[in-house]
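>>> Predicted model, plus sequence, below.
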4 protein chains.
Amino acid sequence: MTFKVFSELSYQVYMPTTFLFNIEAAQTNWQTIIKEQLTTNIACPLEALVSPLGTRFIRTTINEPTDFIITYSATVTTHHQLIYEQLADTFTALSNIQPDVLPYLFSSRYCQSDKLQRFASQMFGNLVGDYAKVAAICDWIYSNIEYLLGSSKSYTSAVDTMSERAGVCRDFAHLGIALCRASGIPAKYFTGYAYQLQPADFHACFEAYINGVWLFFDATRMIPTNGLVKIANGLDAADTAVTNIFGSTFCNYITVSCNLVEDAIFKPFNAWENKEVALSYG
Amino acid sequence: MTFKVFSELSYQVYMPTTFLFNIEAAQTNWQTIIKEQLTTNIACPLEALVSPLGTRFIRTTINEPTDFIITYSATVTTHHQLIYEQLADTFTALSNIQPDVLPYLFSSRYCQSDKLQRFASQMFGNLVGDYAKVAAICDWIYSNIEYLLGSSKSYTSAVDTMSERAGVCRDFAHLGIALCRASGIPAKYFTGYAYQLQPADFHACFEAYINGVWLFFDATRMIPTNGLVKIANGLDAADTAVTNIFGSTFCNYITVSCNLVEDAIFKPFNAWENKEVALSYG
Amino acid sequence: MTFKVFSELSYQVYMPTTFLFNIEAAQTNWQTIIKEQLTTNIACPLEALVSPLGTRFIRTTINEPTDFIITYSATVTTHHQLIYEQLADTFTALSNIQPDVLPYLFSSRYCQSDKLQRFASQMFGNLVGDYAKVAAICDWIYSNIEYLLGSSKSYTSAVDTMSERAGVCRDFAHLGIALCRASGIPAKYFTGYAYQLQPADFHACFEAYINGVWLFFDATRMIPTNGLVKIANGLDAADTAVTNIFGSTFCNYITVSCNLVEDAIFKPFNAWENKEVALSYG
Amino acid sequence: MTFKVFSELSYQVYMPTTFLFNIEAAQTNWQTIIKEQLTTNIACPLEALVSPLGTRFIRTTINEPTDFIITYSATVTTHHQLIYEQLADTFTALSNIQPDVLPYLFSSRYCQSDKLQRFASQMFGNLVGDYAKVAAICDWIYSNIEYLLGSSKSYTSAVDTMSERAGVCRDFAHLGIALCRASGIPAKYFTGYAYQLQPADFHACFEAYINGVWLFFDATRMIPTNGLVKIANGLDAADTAVTNIFGSTFCNYITVSCNLVEDAIFKPFNAWENKEVALSYG
């Protein structure tokens, strides 16, 4: 699938401010950036950084009070792997996972898996196979958490969502990740551009490490499972925020879009409809 | 300084269990492991892993119910750098830090810097220089948080400590880290073997990234600043726990010691006593 | 039923300290105190207070450092009402309840019903009749919260228990109350001496206001429903603590017992076994 | 002082709904209601209730979907007592307070004094006299908590405000109450109509029980201390909410005003400017 993605972020900058943007499509073996472009309304150096966990950041520092607009557009081809076999009896052997998976086992800012271990054990502990557990976690979230714009704020974590029972995509992802980790299954946050998301926005989902593969999950069921262009993976929203701002600004607006290239045909795949097949973004 | 460090952890294992131990001295340019030895009371494979952020883990899986004891002993020479100059006007230019420092800027499980930004700004925002800020953060913690064994539990985070005003070394470190990050200063968790710590135990402190160097801080003032053998750095206690256990066990005991090698002379350096000089573990 | 209840609390008092004890059997139309006695190891005035919500407090002030022991013993006959009829379609008409019931509708320190409204609505909202809802709340707590000594601390609230899924009698009661109030059903905390409780201790349960009567519920199922001598009702553990201490003390021990008078025969009634009949302590 | 107070609350009612309004001026020895009027846009019974702690509630039940508007207007004369003497060495002898004051000593939903005891002790424990402590608590809140519209939500409690350091009048009052109770000083929530409050709204403050008198405090310093018409006292916002709604509604608007009667002259008294004199609303 080939998508045209676009985002524009506009800020009033009041004092010298350093921005870390996390809006570029990820460069992975499964996602080809055909072309991409970053522009700003004023001349400023844009520096590309890659964090130790692989996230692309754009860093820029604005030293004068000004209006600042950054625009990203890209054409990206995405590939997926459909996993058909052996989902029924897949296990993440903790005795066998690679070191680079370890960080995604631990409790994090918004995914306090340590506090949810008894719940995870009592609710999903008896299911056989890690895929069955994660699918059940997603179904449980979909059925028990209300998707409600404005119900959460930047502080909201998985434990909050667990009692308050409402949230947005970010909260759905955090709770999914926390419940996976509490079940001994590594899980990571996934941010992206989302095709057919209404209203248009950045989207958050998650990946769980099952049988040696990162499988993709979206407990919101708001868009087709194959409709995403990945921006970043991370522990949670703390290290993959769209913007980290060190200074003083006011955000005027954020605009996001994700469309198919012309004449393309999109065949939606909804992972939650068929538990015999799962999808991986690589 | 050369130390002999030792730890022994004893568990009753009830079912197949994978352990991730984080008890080995770190291998750094500033710390030389002269010799080290890991032994267990039963035959089992001990696998060495290094996480993406550099932490050494020992992984082992015990498949039968049994008593399991793991013992680590090492002789380690530590070196430090004393930083004498320009502490007064040092700044961490966020526009200039390397990507590998980025993870230590973000809010984490036990260091919710996002929730403490106003406090950090109002209390330390007017101080000039990052070193002055971190030194003031440590002084504030030392003066305002009561060191009280048993006052916190595994769930306790920096925000809890902020209101409850009591904790142990781990809580002092978490609050220090959270306040640094809330001030725009990267900070990481530091665990180690501690000389002269009473009662003997693993110790937790933190490092802050100032003017391109990781400076060491310990808001507890319980041991000399130069009395540590580093085990690991991490985001917080979530990714540097002494043990992560996936299975079912009962901990019989944990024994820890840290002594000087024979005939050595230890000249204590207490960083909090002299704001003109700081110490780095590299 | 007639019980002999007993409690003894022993403190080391370090400085002038005022105690508020809440250990006497309640005086109600349904509970007759045949005899009762308060004694202390040192001469001190014992003052009886009754709070606006009806709780009996004993107040005493110890002005000198000393060992202080207070002992309460009483013989109490309890009566109950068994409610057989119309449990199936009982509703608490909020348009009709008396003002003295209002305080038990609101969110309180350990029963944050405001945070659990969506959960209560989604889990119990479709059940018909308030009795059915409260019985289901108790069943849900019994099935989903692990009774685990030492799992909670004095700060633990219903919202914590909701995510951590473990607690003691106090936590079971708090969660029951919070879920009732979140369902629009007034509920109050109930503390008492408990027959056959193992290990012997004060016990906490709750009452819900249904169809004009306060029905008794105990989600722990640890003792017979008719095995209690009521000490107090309150909003939650905040206003019915066994002791409030204003000063500085160390608690040496607390001893509690509750026995039948000689030759009496106890016919246990377990409310959770039969949803056709409920019990009220009046 | 004589004020004309007014409030109008407009709701869309979707299903049968019971409202408990807490908008009427309180009837106290120090506040005379010269005239008052409640009107609704549709015929419905308005029932007056008084809770055990003295709060006036208006209860009404709307059984049909409709627009519902309730309007309250009153002319109220308020009196105050200025306390000039002995503020310097006033103590609340807990060994002496009346039972009706007890509920205001305990931790409550939004005022978790149990969690703030160490902070209160370390910050205010050495001050001599309860008035000095409460005045210092108010000064501390005023200096350390940012008044910021929109910074808190209905769930926000004193412990949240303690770390987040921002809030509105309700949060200032909750933190003040929590710190008083944590210092052993009874304190209660106070809601009212406020003269010269910008923007016009209901206001929240608190009273502390000192030397046998309830003294009035407002850590926001937004209006003159003598500019209030009391609506209610309570434990916190949980039992004195402007509206409790049991049903389903949408709030269209709330309008509030508080003006002097014609030709009256208002002499503002700002308690925070002069620590030699305090004000009581009786």
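The structure has been received and is ready for your questions. As the structure is a prediction and not an experimental result, all values here were calculated from the model.
>>> ok, the helix or strand encompassing residue A:60 near chain B or not?
In this assignment (DSSP states H and E), residue A:60 forms part of strand A:56-62. Yes - shown here: strand A:56-62 in contact with chain B (Cβ under 8 Å from any Cβ of the partner chain) through A:57, A:59, A:61. The C-beta positions use only the backbone N, C-alpha and C, and glycine is treated the same way.
>>> can you pull out the helices in chain A?
Using DSSP state H, the helices of chain A run over A:117-124, A:130-144, A:158-164, A:169-182.
>>> distance of whichever residue of chain A sits closest to chain D from chain C?
Nearest residue of chain A to chain D, counting by Cβ to the nearest Cβ: residue A:153, 7.3 Å away. Distance of residue A:153 to chain C, given as Cβ to the nearest Cβ, to the nearest Å: 14 Å.
>>> ok, the nearest residue to residue A:281 once chain neighbours are set aside - contacts?
Distances taken as Cβ to Cβ, 6 or more residues apart in numbering or on different chains place residue A:216 nearest to residue A:281, at 5.3 Å, with adjacent residues excluded. If a contact means Cβ atoms under 8 Å, 6 or more residues apart in numbering or on different chains, then residue A:216 has A:80, A:190, A:205, A:206, A:207, A:225, A:228, A:271, A:278, A:279, A:280, A:281 as its contacts.
>>> Over to residue A:158?
A:110, A:111, A:112, A:113, A:116, A:171, A:174, A:175, A:177, A:178, A:179.
>>> Show the pLDDT at it.
Per-residue pLDDT puts residue A:158 at 98.
>>> Quick check: the gap between it and residue D:156.
19 Å (Cβ to Cβ, to the nearest Å).
>>> that older thread, tell me which of the helices of chain A sits most buried.
Burial of those is given as mean neighbour count (mean count of other Cβ atoms under 10 Å in any protein chain shown); helix A:169-182 ranks first at a mean of 28.
>>> what separates that helix from the chain centre, distance-wise?
Offset of helix A:169-182 from its chain centre (Cα atoms, centre = their mean, to the nearest Å): 11 Å.
>>> Stretch A:108-118 near chain D anywhere?
No - using Cβ under 8 Å from any Cβ, stretch A:108-118 stays clear of chain D, coming no nearer than 14.4 Å.
>>> Export only the CA atoms of that stretch, formatted as CSV.
Backbone C-alpha positions of stretch A:108-118 (Å, rounded to 0.1, in the frame of the first residue of the first chain) are rendered in CSV as follows:
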residue,chain,number,x,y,z
SER,A,108,6.8,2.3,32.2
ARG,A,109,5.4,5.8,32.8
TYR,A,110,2.0,5.2,31.4
CYS,A,111,1.9,1.4,31.4
GLN,A,112,2.3,0.4,35.0
SER,A,113,2.3,-3.3,34.5
ASP,A,114,3.5,-3.9,38.0
LYS,A,115,0.2,-2.7,39.4
LEU,A,116,-1.9,-4.8,37.0
GLN,A,117,-0.3,-8.2,37.5
ARG,A,118,-3.1,-9.8,39.5
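>>> So what touches that stretch?
A:106-107, A:120, A:156-159, A:162, A:170, A:174-175, A:177-182, A:187, A:189, A:235-238, B:106-109, B:112, B:114, B:154-155, B:235, B:238, C:146, C:163-166.
>>> what sits against residue A:120?
Taking Cβ under 8 Å, 6+ apart as the definition of contact, the neighbours of residue A:120 are A:113, A:137, A:179, A:182, A:183.
>>> Any figure for the gap between the residue nearest to residue A:281 and residue D:216?
Taking Cβ to Cβ as the criterion, residue A:216 is separated from residue D:216 by 59 Å.
>>> Residues of chain A that sit close to chain C?
Looking at chain C, the residues of chain A close enough under Cβ under 8 Å from any Cβ are A:115-116, A:118-119, A:122, A:144, A:146, A:159, A:162-166.
>>> Count the neighbours of residue A:54 for me.
Under the neighbour criterion other Cβ atoms under 10 Å in any protein chain shown, residue A:54 is assigned a count of 14.
>>> Check the nearest residue to it once chain neighbours are set aside and give its pLDDT.
Nearest-residue entry for residue A:54: residue A:233, 6.7 Å, with adjacent residues in sequence omitted and distances by Cβ to Cβ, 6+ apart. Residue A:233 is assigned a pLDDT of 96 by the prediction.
>>> isn't residue A:233 right up against residue A:206?
No - in this structure residue A:233 lies outside contact range of residue A:206 using Cβ atoms under 8 Å: 9.1 Å.
>>> For those two, indicate the residue with more neighbours.
More neighbours sit around residue A:206 than around the other of residue A:233 and residue A:206, counting by other Cβ under 10 Å; the figures are 30 against 22.
>>> For the more buried one, give me its contacts.
Applying Cβ under 8 Å, 6+ apart, we find residue A:206 in contact with A:173, A:176, A:177, A:180, A:187, A:188, A:189, A:190, A:216, A:217, A:218.
>>> Which single residue in the stretch 151-282 of chain A comes nearest to chain C?
Checked against chain C (Cβ to the nearest Cβ), the nearest residue in the stretch 151-282 of chain A is residue A:165, 3.7 Å away.
>>> Got the confidence number for the residue nearest to that residue when sequence neighbours are not counted?
Closest residue to residue A:165 in three dimensions, ignoring its sequence neighbours and counting by Cβ to Cβ, 6+ apart: residue C:118, at 3.7 Å. Among the per-residue scores, residue C:118 holds a pLDDT of 96.
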